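Trainee: Model the structure of this input:
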Amino acid sequence: MIVITSDLRILKSFPHMAAIALGKTTVIAFTHNSYNSDVRGRAFIKAIEVIEQAIADHRKKRRNFIGVVGMQGTFRVVSEKPLPHRATCDPRDWESYERVCIAEGVLAFAPKH
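Mentor: So this is what the prediction gives:
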């Protein structure tokens, strides 16, 4: 699955990052969400070849990633195999996340700090 968003706050949200990790989802985000959709659309179209290449490369490796599109049409991968961070979540959320991973047989744990 691939999610395209203009809200980079999801990278700091434990529930969103847990869903991204468990779903092995690729996220394409825009560096600024204050620009209108025309500006973001032009940037995306300008970067589409680089985005497609990154998606193809990561599919071969069976890895999801988070990439950002700059408003000038640039693109870069900012995180490979992104995981939630224990430091950014309530301990009860982390315990629940670990229980789900164990129950589903998924090794998506983030390193302990």
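
Trainee: Export the helix or strand bottoming out on mean pLDDT in the chain to CSV, keeping only CA atoms.
Mentor: The weakest-scoring helix or strand in the chain, judged by mean pLDDT, DSSP states H and E, is helix 91-104 (a mean of 79). C-alpha atoms of helix 91-104 as CSV (Å, rounded to 0.1, in the frame of the first residue of the first chain):
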residue,chain,number,x,y,z
PRO,A,91,3.3,3.1,27.7
ARG,A,92,-0.1,1.5,27.4
ASP,A,93,-0.1,2.0,23.6
TRP,A,94,3.3,0.5,23.4
GLU,A,95,2.2,-2.6,25.4
SER,A,96,-0.9,-3.0,23.2
TYR,A,97,1.3,-2.7,20.1
GLU,A,98,3.7,-5.4,21.3
ARG,A,99,0.7,-7.7,22.1
VAL,A,100,-0.7,-7.3,18.6
CYS,A,101,2.7,-7.9,17.0
ILE,A,102,3.2,-11.1,19.1
ALA,A,103,-0.3,-12.3,18.4
GLU,A,104,0.1,-11.8,14.7
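
Trainee: Against which helices or strands is it packed?
Mentor: helix 14-22 (3 or more CB pairs under 8 Å, 6 or more residues apart in numbering; DSSP states H and E). C-beta here means a position set from N, CA and C on the backbone, and glycine is covered the same way.

Trainee: what's the longest helix anywhere in the chain packed up against?
Mentor: Within the chain, and with DSSP state H defining each element, the longest helix by residue count is helix 37-61. Contacts defined by 3+ CB pairs under 8 Å, 6+ apart place helix 37-61 against strand 26-30, strand 65-69, strand 75-80.

Trainee: Report how many residues lie close to V69.
Mentor: Counted by other CB atoms under 10 Å, the residues lying close to V69 total 25.

Trainee: Could you do the one 4 residues further on as well?
Mentor: By the measure other CB under 10 Å, the count of residues near G73 is 14.
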